[in-house]
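**Student:** what would the 3D arrangement of this be:
(one chain, ligands or ions: 1)
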Amino acid sequence: MTLPTPGVHGPIGAPSAWVMRVAAQWPAGATVVDVACGHGRHARVLAAAGHRVTGVDRDAAALAALAAAAPDVETVVHDLEGVGWPFGARTFDVVVVTNYLHRALFASLLGAVAPGGWYVHETFAAGNERFGRPSSPDFLLRPGELLEVVRGTLRVLAFEDVEVREPTPACVQRIVARRL
Ligand SMILES: C[S@@+](CC[C@H](N)C(=O)[O-])C[C@H]1O[C@@H](n2cnc3c(N)ncnc32)[C@H](O)[C@@H]1O
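**Tutor:** Residues are numbered from 1 along each chain as shown. Okay, here's the model as predicted:
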């Protein structure tokens with residue numbers, strides 16, 4: 001599978017290299033949910049690569065922009081924290097979460113991973129408060145937290161808890177795990 005070149009989406013920013021690297025392993029036409037997708041930094045490039053993408057976010061304007069740019073993406077305007085998980089028992093081949101953390105959703109995120117499917121989560125981690133926002137512990141993963149979340153449910157393929165320099169200095173934790 002050939003993925004479009006990252007970094008062509010202007011102000012929404014380039015897709016995460018971590019997400020793009022693992023996306024190269026997904027089967028053609030995978031069902032993907034991009035959770036708290038915003039303007040669709042990942043939803044757009046994954047849909048362009050032929051995946052069947054659903055983007056959910058509470059920001060109706062961002063989703064309208066996403067729908068205009070990528071009509072094949074299913075957009076769901078939804079408050080994930082006020083109302084909860086919107087997909088019931090529906091499962092996806094891939095659950096992607098980037099730069100978003102709401103711990104009460106973890107069980108729903110894992111539950112939405114189809115048999116053989118993938119869970120990809122990359123967001124800010126403890127230590128990031130040195131660089132600015134997010135700085136609240138509510139939005140910063142604790143050391144090893146993503147490993148704890150998937151333990152006993154998904155098989156971990158890759159995990160990092162690192163300080164990055166690009167696109168801006170930050171502390172980031174990221175995981176790729178599968179339901180095997
Ligand atoms: C930092 S942005 C990340 C956007 C995208 N995932 C990315 O990496 O480019 C955080 C996103 O979470 C969304 N968000 C925050 N609280 C939310 C909630 N309660 N329900 C749904 N989306 C929410 C925001 O609207 C925003 O689009």
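**Student:** which ones are touching the residue nearest to residue 87 when sequence neighbours are not counted?
**Tutor:** Spatially, and ignoring its direct neighbours in sequence, residue 87 is nearest to residue 112 (6.1 Å; Cβ to Cβ, 6 or more residues apart in numbering). For glycine as for every other residue, the C-beta is placed from the backbone atoms N, C-alpha and C. Contacts for residue 112 (Cβ atoms under 8 Å, 6 or more residues apart in numbering) come out as 33, 85, 87, 90, 91, 92, 95.
**Student:** so which of these are in strands?
**Tutor:** 33, 92, 95 (DSSP state E).
**Student:** got those residues as a markdown table, with pLDDT, distance to residue 48 and neighbour count columns?
**Tutor:** Conversion of the ones in strands among the contacts of residue 112 to a markdown table gives the following (pLDDT from 0 to 100; distance: Cβ to Cβ, whole Å; neighbours: other Cβ atoms under 10 Å):
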| residue | pLDDT | distance to residue 48 | neighbour count |
| --- | --- | --- | --- |
| 33 | 99 | 17 | 26 |
| 92 | 98 | 18 | 23 |
| 95 | 99 | 19 | 26 |
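**Student:** can I get those in CSV including distance to residue 118?
**Tutor:** Below are these laid out as CSV (distance: Cβ to Cβ, whole Å):
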residue, distance to residue 118
33, 11
92, 9
95, 7
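**Student:** can you name the residue of this protein nearest the ligand?
**Tutor:** For the chain, the residue closest to the ligand is residue 38, as judged by Cβ to the nearest ligand atom, at 3.0 Å.
**Student:** and residue 73, how far is that from residue 152?
**Tutor:** For residue 73, the distance to residue 152 equals 33 Å [Cβ to Cβ, to the nearest Å].
**Student:** for these two, indicate the residue with more neighbours.
**Tutor:** residue 73 (23 against 6; other Cβ atoms under 10 Å).
**Student:** that one contacts residue 54, doesn't it?
**Tutor:** Yes - contact criterion Cβ atoms under 8 Å: residue 73 and residue 54 qualify, at 7.2 Å.
**Student:** what touches both of the two?
**Tutor:** Joint contacts of residue 73 and residue 54 (Cβ under 8 Å, 6+ apart) do not exist.
**Student:** show me what the longest strand anywhere in the chain is packed against.
**Tutor:** The longest strand of the chain (DSSP E) is strand 113-124. On a contact count with 3 or more Cβ pairs under 8 Å, 6 or more residues apart in numbering; DSSP states H and E, strand 113-124 meets helix 17-23, strand 92-98, helix 106-111, strand 170-178.
**Student:** tell me the most buried of these?
**Tutor:** strand 92-98 (a mean of 24; mean count of other Cβ atoms under 10 Å).
**Student:** can you tell me the strand partners of that one and which way each runs?
**Tutor:** Strand 92-98 has the following strand partners under DSSP bridges: strand 31-35 (parallel), strand 113-124 (parallel).
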